[in-house]
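> Got a predicted structure here, sequence first:
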Amino acid sequence: MAASDVFKPVEFDVNGRKISGISYGDEQGPLLLCLHGWLDNAASFQPLMPYLSNYHVIAIDWPGHGLSDHRGADAHYHFLDWVYDLISLFRSQQWQAIDIIGHSMGGMVASAFAAAFPEHVKSLTLIDCIGVLTSDAATTTKQLRKGLLSRLTRDNKAKKYHTSLNSAVAARVLVSDLSTDNATLIVERGIEQTKAGFIWRADIRLRSTSPYRFTLAQAEQLVTDINTPVQLLYGSKGMEMVTKGLKCFGPLFKNLQLHELSGGHHVHMEQAKQAAKLINTFIHQQAKQ
């Protein structure tokens with residue numbers, strides 16, 4: 001097996017904390033960065049990576065996920081802080097303009113990043129996500145109260161233990177559209193074995209409700225400011241918010257390609273070969289322009 005055909009661990013020191021990840025493919029090739037969704041981790045891109053071996057593919061674990069460090073005791077997980085994590089990663093590695101793939105939350109973060117830092121994004125492939133989460137301005141106070149109270153209650157909740165890896169995988173399958181094989185990839189990277197049993201690595205604070213969300217007008221502004229070519233791959237049985245978001249955000253993109261694939265929210269895991277073919281074609285198209 002060639003060295004390029006091996007999943008390799010990677011680690012980055014970003015603002016004094018470890019961001020872990022997985023790399024695959026030609027380390028001398030163009031960099032392709034993969035950003036996973038909420039409560040997933042870098043392993044969600046493993047089915048896709050072998051079909052992108054012409055690139056140096058790096059999938060990171062967001063802070064609080066997978067093998068990456070959690071935030072400090074006095075910190076939380078704001079949407080805008082994910083964007084800060086991303087620009088900090090770019091600056092620490094001195095990356096210039098690269099191609100990015102973002103699934104779900106990872107795609108929303110990448111969209112905000114592409115709007116604010118267009119000099120760092122050659123192309124953007126979104127997987128079953130579009131725009132960012134919004135709330136009506138009239139719910140601002142309610143959202144604030146709900147979000148801050150959720151922090152207090154989350155701090156008092158203990159993590160649940162599983163007696164076996166299979167139990168943890170079954171629990172993940174139950175609350176998602178993942179197959180057992182795909183759930184196993186994510187769970188194996190996102191869990192650790194202790195004397196008391198198997199416990200999730202993910203920071204429990206990730207489940208807190210956000211105390212603040214963009215208004216629709218703010219979200220529309222972000223999308224309008226994306227000048228990067230964008231491709232959206234979405235599942236035929238994916239998130240309903242994507243089909244709704246297409247009507248709202250779709251017309252605001254300057255350069256948007258759409259492809260519906262058979263599958264659910266993790267369609268890049270279900271249809272890895274087909275998704276990779278579209279990603280390769282899209283990136284090559286942009287490189288010629």
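Looks like it came in fine.

> From here on, just use CA atoms for contacts and neighbour counts.
Fine.

> Within its sheet, name the partner strands of the one helix or strand Val10 maps to and how each one runs.
Using DSSP states H and E, Val10 falls within strand 8-14. Neighbouring strands of strand 8-14 in its sheet, by DSSP bridges, are strand 17-25 (antiparallel).

> tell me which residues in the partner strand are buried?
Buried residues in strand 17-25, defined by neighbour count with 16 or more other C-alpha atoms under 10 Å: Lys18, Ile19, Ser20, Gly21, Ile22, Ser23, Tyr24, Gly25.

> Same question for stretch 188-207.
For stretch 188-207, a neighbour-count test (16+ other C-alpha under 10 Å) marks 189-192, 198-206 as buried.

> Name whatever forms a beta bridge with Pro9.
Ile22.

> how many other residues sit next to it?
By the criterion of other C-alpha atoms under 10 Å, Pro9 has 13 neighbours.

> List of residues touching the host helix or strand of His268?
According to DSSP H and E, His268 maps onto helix 267-270. With contact meaning C-alpha atoms under 8 Å, 6 or more residues apart in numbering, helix 267-270 is reached by 44-48, 127-128, 182, 234-235, 238, 261, 263-264, 275.

> From these, pick the one nearest Gln289.
Gln289 lies nearest to Ala275 out of the contacts of helix 267-270, by C-alpha to C-alpha, at 21.8 Å.

> That closest one - that's part of a strand, no?
No - under DSSP: H, G, I helix; E, B strand; the rest coil, Ala275 falls outside any strand and is assigned helix.

> can you list the weak-confidence ranges in the chain?
Applying pLDDT under 70 to the chain flags the ranges 1-4, 155-157.

> And the helices in it?
79-93, 105-116, 140-155, 165-174, 180-190, 216-224, 240-249, 267-270, 272-288 (DSSP state H).

> Show me how far the last one is from its chain's centre.
Put plainly, it is helix 272-288. 19 Å (C-alpha atoms, centre = their mean, to the nearest Å).

> So which elements touch that helix?
Using 3 or more C-alpha pairs under 8 Å, 6 or more residues apart in numbering; DSSP states H and E as the contact definition, the elements that helix 272-288 packs against are strand 121-127.

> quick revisit: farthest-separated two in the contacts of helix 267-270?
Gln46 and Gly238 (19.6 Å).
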